[in-house]
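1. Take a look and give me a structure for this.
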Amino acid sequence: MSRRGSSKHMLAASSAVLAAAMLLGAGAGGVGARPTIQLLQADEADVVDTTGVTIASDSFGVGDIAGAHPTVSGDGRYVVFQGSPRAEVDEAGEVVGEADGRLSTVYLTDRETGETTEISPVPEGLRPGNSVFPVISGDGCVAVIVTEIQLDVFRDDDTGSRWDVYRSALPHCGGSIGDWELISTRDDSGGLARDDVVVAPAAVNRSATLIAYTHPADHLYEAGGVNTVSLVDLAVSVTDPDRSRVVAGMPADTPNTVFTHQGIDQPVISDDGTHLAYRSDATSSDAVPGWGTGLVDGGPATTQVFLWNLLEPDPFLAVQLVSAVPDGSPAVGGAASPDISRDGTMVTFTSSDTTLVPAQYPTCTEACPTQVFLLDRDSNDDGVVDADDVGELSLISSIAGSDPLVAGTAPSSQPSISADGQLVAFVSKATNLQLIQSPGIGGGDDGEILVAELDRGALTRITTGVDGVVPTPGVHAHPDLSDTGRTTVYDSSAATDLLGDAALGGRQIIAKSSPPSLSLADANLGTTIVGLKSDEWYVAVLNDGPATFQPAEVSIDNAQFELIPDKSTCTLGASVPAGGSCTVALAYTPSRTGSTSGVLTVSEVGFDAVETSAVISGSGGEPALRIEPGGIDFPPVTVGEAGIELQVDVSNISIIPTEVVSFDISGEHASDFVVYSNNCIDRPLNPRAYCSVGVVFIPTDAGRRTALLELTTTSGQVTTAIIAGDGEFAPVVELDVTEIEAGREFMASGSQYPANTEVTVVFGDGPSSAITTVTDETGHFSVPVPVATTERGGSRTIVVQTTSGAAASAPVEVIEADQQWVGMPGFGLG
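-> So this is what the prediction gives:
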């Protein structure tokens, strides 16, 4: 008999790895596919097809501004970035015309077609100028840039510092190259250009109908050097004074403190246009904002991060201090670089304040390194930010799983948050956040790119070499995440190491895609009377990360199985974060006796869409047995070890005696489960009588493992229960020495790694050359490890890691070559 699934079975496979670099055009093939790295750059023509080819970059870099500051559309398909202009060439490849003196222009890359197009060319007859800091809207239809070019000849007089903000609909959404709309206008000017905006990124909502930008606070008397942010609403006429307004939280008076002030800047807008976050050195959340204080008279006032709720009608409640210590006061160390989730619930920022979140911070006598923090405004997780929410701060730039938290030992910066607030990418110079240290960290904004999975507590480096394990030099910056976090774009000076192509050089734009790993277990709905509708069954799609899954369509190809949309969470259009799940409700009405099946598919739509499917089966006949509970979910077990026994009760729900004649475990991972005990087999089971079956979980691999426990009676009636559990690797590394002289070798052995899998062996505390080997069918390996004569001495760490992240380490003392005593045989020291 079919029974109602009282529990939702969370069924998924192991996490997709953040590894494997490939060139543009070699995309991931499906669920659980290896991630891809794409090189996005312009060539010597306005439009370039880069699909499937390696592109030399020797003509790309011009100073620090070439190939930098990318942003990505919500679906991950479109990327805009600034790069050096390309000379026009004829069919023979000869340069025609003269260079116009620009250092930077803006490009658009369509990752699906591989085309890269310049979208900010200089119109004929106009004075050339640079275009920088492009931002693409979440819907991928609009680009907003900061430019010197007089793109509106009627309202922009091309004077002053020349910098203005412009907006353009992109060609794939019906726009045209060169069709720009002026955004930055002066108040009470009838819509004339400012010509003086701060050269920094603007902020947009998902449709780019709201645009915020930074400019001098010229409404204040003699306030040179003080900036503010204006919010422009494109739904309002250009001549209407309400089209542009200064953000709430800006003081009405010129600063008159003993500190220097920079005002308000760094705006970011939520996708839904309801919230705007910014950096400010004013007391912007006060009922009457004033100017803040600093640490030293004559020095800069301390900046904080604030959040403006555009829907709040009460001006005294509209602005919230985000960077607040537990007692509600501003962070002494200040804060900066905010980013915001789709609805404004999550706000991430940087701060050097060590009192925001309890943790082990590095010792610092003066300026402490900045860390990345996250404010969850919906602290009770009820989906609504209200008076009951006190807000919860967490430290993102910390060692994953550390207890107490251990913060990064060097600055982390430039956080970017996914639309659902589940992933945060950031740049870090800290060497303690990953088991294997980077071979070097760049200056300025550069560092490694790390991605934090909030629900799972994982912290992953995405800037590894082609082996997926050894990090590249930390010369990357400016990460930006797509809505789901599936795509990360950033600029890098290590394209050669990331892509394994020695021809690549200079600053390049990199797009890395990491699809989610999904699982939907096969299910047997048991036996149901022909023509009668069964109770509801629930099957679950489990997302094992690292990115969010956005189910859009659910289907089954057999009409005897009915989807119940109003009881299915996979049909709500809600995203499923890494570690989360959605459910599909089903009912079964057999049209004949015997077994039948159908394929259930849950899928996304759009660019880079993924799907997962499972076989749903059932039988028409007379039901006899019921299994309680309807499914078993084992706690995590180390691969190769046996977990605890869990039992189910089997009852006869018919009106005549029956007998269980066989047990079977079937499904995708049947070999991971064993029937350990049962008192049901080969014995009569009277009506309303019970017996029990015990199952043990012995995983053969990591991740979600699922199977079906099937019981068959003498009459052929089948009753099933879903059994599932999570396997985990617990790798161990052992060395045959405790110390080793440089120039010699030692043996490294390991166990409890994935079977038949390549592992990389490297010094984790400053990797030099690495060696690889392959584990055997039991997950063991043993390999000689040579130590270079130039290897640094001291207490070192050997790390052995797979591309999927299974890793372990062991200490070893290295004796440098120049520390070893060398003498002739037979000669002493006396």
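
2. what stretches of this structure score poorly on pLDDT?
-> Counting by pLDDT under 70, the low-confidence segments of the chain come to 1-66, 89-90, 93, 95-98, 767-768, 818-830.

3. And the residue positioned nearest the centre of it, how close does it get to residue 123?
-> With the centre of the chain defined as its mean C-alpha position, the nearest residue by Cα atoms, centre = their mean is residue 485, 3.6 Å away. Residue 485 sits at a distance of 38 Å from residue 123 (criterion: Cβ to Cβ, to the nearest Å). Just so you know, the C-beta spots here come from the backbone N, C-alpha and C atoms, and that holds for glycine as well.

4. now swap in residue 703 and tell me
-> For residue 703, the distance to residue 123 - Cβ to Cβ - is 55 Å.

5. Pick out whichever of those two has more residues nearby.
-> residue 703 (21 against 12; other Cβ atoms under 10 Å).

6. My read is that the more buried one contacts residue 724, right?
-> No - with contact defined as Cβ atoms under 8 Å, residue 703 does not count as touching residue 724 (10.9 Å).

7. So which residues of the stretch 551-700 of the chain form helices?
-> Assigned by DSSP state H, counting those that start in this stretch, the stretch 551-700 of the chain shows no helices.

8. Show the residue spans covered by the strands in it.
-> For the stretch 551-700 of the chain, the strands defined by DSSP state E, counting those that start in this stretch cover 553-556, 561-563, 581-588, 594-603, 611-620, 625-628, 631-633, 637-638, 645-652, 658-666, 673-678, 684-685, 690-697.

9. and if you look at the stretch 51-200 of the chain?
-> Going by DSSP E, counting those that start in this stretch, the stretch 51-200 of the chain shows strands at 68-72, 78-83, 105-110, 115-118, 131-136, 142-147, 164-169, 181-182.

10. how far out from the middle of the chain is stretch 376-395?
-> 21 Å (Cα atoms, centre = their mean, to the nearest Å).

11. Just the CA trace of it, in CSV.
-> Provided in CSV are the C-alpha atoms of stretch 376-395 (Å, rounded to 0.1, in the frame of the first residue of the first chain):
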residue,chain,number,x,y,z
ASP,A,376,22.0,39.0,8.7
ARG,A,377,19.1,41.4,9.4
ASP,A,378,16.6,38.6,9.5
SER,A,379,18.1,37.0,12.6
ASN,A,380,15.1,34.8,13.5
ASP,A,381,15.0,33.5,9.9
ASP,A,382,11.3,34.1,9.4
GLY,A,383,11.7,35.8,6.0
VAL,A,384,10.7,39.2,7.3
VAL,A,385,12.9,41.9,8.8
ASP,A,386,10.9,43.4,11.7
ALA,A,387,11.2,44.7,15.2
ASP,A,388,11.8,41.1,16.5
ASP,A,389,15.1,41.0,14.6
VAL,A,390,18.2,42.3,16.4
GLY,A,391,20.5,41.4,13.5
GLU,A,392,23.3,38.9,13.6
LEU,A,393,26.9,39.6,12.7
SER,A,394,29.3,36.9,11.5
LEU,A,395,33.0,36.9,10.6
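
12. contact partners of the host helix or strand of residue 451?
-> Secondary structure from DSSP states H and E places residue 451 in strand 448-453. For strand 448-453, contacts defined as Cβ atoms under 8 Å, 6 or more residues apart in numbering pick out 18, 372, 396-397, 400, 412, 422-429, 433-434, 438, 441, 458-463, 471, 474, 476, 479, 485, 488, 490, 545-546, 578-579.

13. And stretch 631-648, by the same measure?
-> Contacts for stretch 631-648 (Cβ under 8 Å, 6+ apart): 5, 7, 9-10, 627-629, 676-677, 692-702, 709, 721-730, 752, 754, 778-779.

14. where along the stretch 201-350 of the chain do the strands fall?
-> So, for the stretch 201-350 of the chain - with DSSP E, counting those that start in this stretch - the strands run 203-204, 210-216, 227-233, 244-246, 264-269, 275-280, 304-309, 319-321, 336-340, 346-351.

15. okay, those strands in JSON lines with mean neighbour count and distance to residue 609 next?
-> JSON lines is the format used below for those (neighbours: other Cβ atoms under 10 Å; distance: least, Cβ to Cβ, whole Å):
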{"stretch": "strand 203-204", "mean neighbour count": "28", "distance to residue 609": "25"}
{"stretch": "strand 210-216", "mean neighbour count": "24", "distance to residue 609": "28"}
{"stretch": "strand 227-233", "mean neighbour count": "22", "distance to residue 609": "33"}
{"stretch": "strand 244-246", "mean neighbour count": "17", "distance to residue 609": "38"}
{"stretch": "strand 264-269", "mean neighbour count": "24", "distance to residue 609": "27"}
{"stretch": "strand 275-280", "mean neighbour count": "28", "distance to residue 609": "29"}
{"stretch": "strand 304-309", "mean neighbour count": "26", "distance to residue 609": "33"}
{"stretch": "strand 319-321", "mean neighbour count": "24", "distance to residue 609": "37"}
{"stretch": "strand 336-340", "mean neighbour count": "24", "distance to residue 609": "25"}
{"stretch": "strand 346-351", "mean neighbour count": "28", "distance to residue 609": "25"}
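
16. Reformat those strands into JSON lines and put distance to residue 651 next to each item.
-> Output for the strands of the stretch 201-350 of the chain, formatted as JSON lines (distance: least, Cβ to Cβ, whole Å):
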{"stretch": "strand 203-204", "distance to residue 651": "60"}
{"stretch": "strand 210-216", "distance to residue 651": "61"}
{"stretch": "strand 227-233", "distance to residue 651": "65"}
{"stretch": "strand 244-246", "distance to residue 651": "69"}
{"stretch": "strand 264-269", "distance to residue 651": "58"}
{"stretch": "strand 275-280", "distance to residue 651": "54"}
{"stretch": "strand 304-309", "distance to residue 651": "55"}
{"stretch": "strand 319-321", "distance to residue 651": "56"}
{"stretch": "strand 336-340", "distance to residue 651": "53"}
{"stretch": "strand 346-351", "distance to residue 651": "47"}
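
17. Just give the nearest non-adjacent residue to residue 784, would you?
-> residue 745 (5.0 Å; Cβ to Cβ, 6 or more residues apart in numbering).
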